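**Student:** got a structure for you, letters missing:
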């Protein structure tokens with residue numbers, strides 16, 4: 001609380017890809033916010049308090065002075081607009097905005113079986129990212145990082161929790177990921193620390 005202004009509350013589980021994307025956007029752009037942790041694996045999304053905010057019982061959820069948003073892409077767009085974040089995140093020009101790729105978000109925690117299925121279907125998506133979006137530009141939508149890069153990188157980092165790097169044989173995408181990570185700095189690693197811990201725990205049990 002500062003000057004009577006209440007900070008936005010974000011309900012997050014950092015094992016969720018869109019939750020990490022939201023956390024990174026807020027942290028990197030130094031937007032003050034309050035985290036309300038919702039542990040999906042413990043079923044905390046089913047509590048009456050959380051269900052009253054989002055009957056679908058999914059994260060993330062944004063509560064901003066009584067205004068509630070429950071869909072990850074809508075939340076990101078809202079924050080970019082409300083806080084007048086740099087134009088590159090979600091361009092105002094219609095033609096550029098239309099190019100912002102929005103990967104499908106699940107809002108769920110790491111699930112081994114689901115990851116296995118996703119990996120089996122991943123090749124075509126990675127081929128498309130390389131051939132269509134990164135053919136002649138450093139980021140998915142041009143010369144600057146956008147919400148597209150933020151959402152996509154969080155998706156592609158997800159299997160790391162099981163010690164799988166889906167870009168291990170994709171040097172072009174590795175370079176893109178490095179550019180995104182470099183652009184985001186500490187915000188990237190802070191948001192993904194939970195996955196790093198899962199990876200380390202996984203390795204220790206081998």
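**Tutor:** Cool, got the structure. This one's a predicted model, so the numbers in the text were calculated from it and none came from an experiment.
**Student:** tell me the first helix or strand C-terminal of the helix or strand of the chain with the lowest mean pLDDT.
**Tutor:** The weakest-scoring helix or strand in the chain, judged by mean pLDDT, DSSP states H and E, is helix 112-120 (a mean of 62). Per DSSP states H and E, the first helix or strand lying C-terminal to helix 112-120 is helix 122-128.
**Student:** walk me through the domains of the protein.
**Tutor:** 9-82, 94-204 (automatic domain parsing).
**Student:** show me the strands in this structure, by range?
**Tutor:** Taking DSSP state E, the strands of the chain run over residues 9-12, 34-37, 61-64, 67-69.
**Student:** any chance of those in TSV, plus distance to residue 183?
**Tutor:** C-beta coordinates here come from the backbone N, C-alpha and C atoms, glycine included. Formatted as TSV, the strands of the chain follow (distance: least, CB to CB, whole Å):
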stretch	distance to residue 183
strand 9-12	22
strand 34-37	23
strand 61-64	23
strand 67-69	25
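**Student:** of all those strands, which lies closest to residue 154?
**Tutor:** Closest to residue 154 of the strands of the chain is strand 9-12 (CB to CB; 12.1 Å).
**Student:** before we move on, the earlier item: winner for burial among the domains of the chain?
**Tutor:** Burial of these is given as mean neighbour count (mean count of other CB atoms under 10 Å); domain 9-82 ranks first at a mean of 18.
**Student:** on the pLDDT front, check the closest residue to residue 143 other than its chain neighbours for me.
**Tutor:** Setting aside the residues directly before and after it, residue 143 is nearest to residue 137 in space (CB to CB, 6 or more residues apart in numbering), at 6.3 Å. Model confidence at residue 137, given as pLDDT, is 94.
**Student:** and residue 137, how far is that from residue 153?
**Tutor:** Separation of residue 137 from residue 153 (CB to CB, to the nearest Å): 16 Å.
**Student:** mind listing what residue 165 touches?
**Tutor:** Neighbouring residues of residue 165 by CB atoms under 8 Å, 6 or more residues apart in numbering: residue 159.
**Student:** so what's the backbone phi/psi at it?
**Tutor:** phi -110, psi 100 (degrees, to the nearest 10).
**Student:** got any ranges where this structure has weak pLDDT?
**Tutor:** Applying pLDDT under 70 to the chain flags the ranges 1-5, 101-116, 118-120.
**Student:** show me what the longest helix belonging to it is packed up against.
**Tutor:** Assignment by DSSP state H gives helix 186-204 as the longest helix of the chain. Counting contacts by 3 or more CB pairs under 8 Å, 6 or more residues apart in numbering; DSSP states H and E, helix 186-204 packs against helix 17-28, helix 147-157, helix 171-184.
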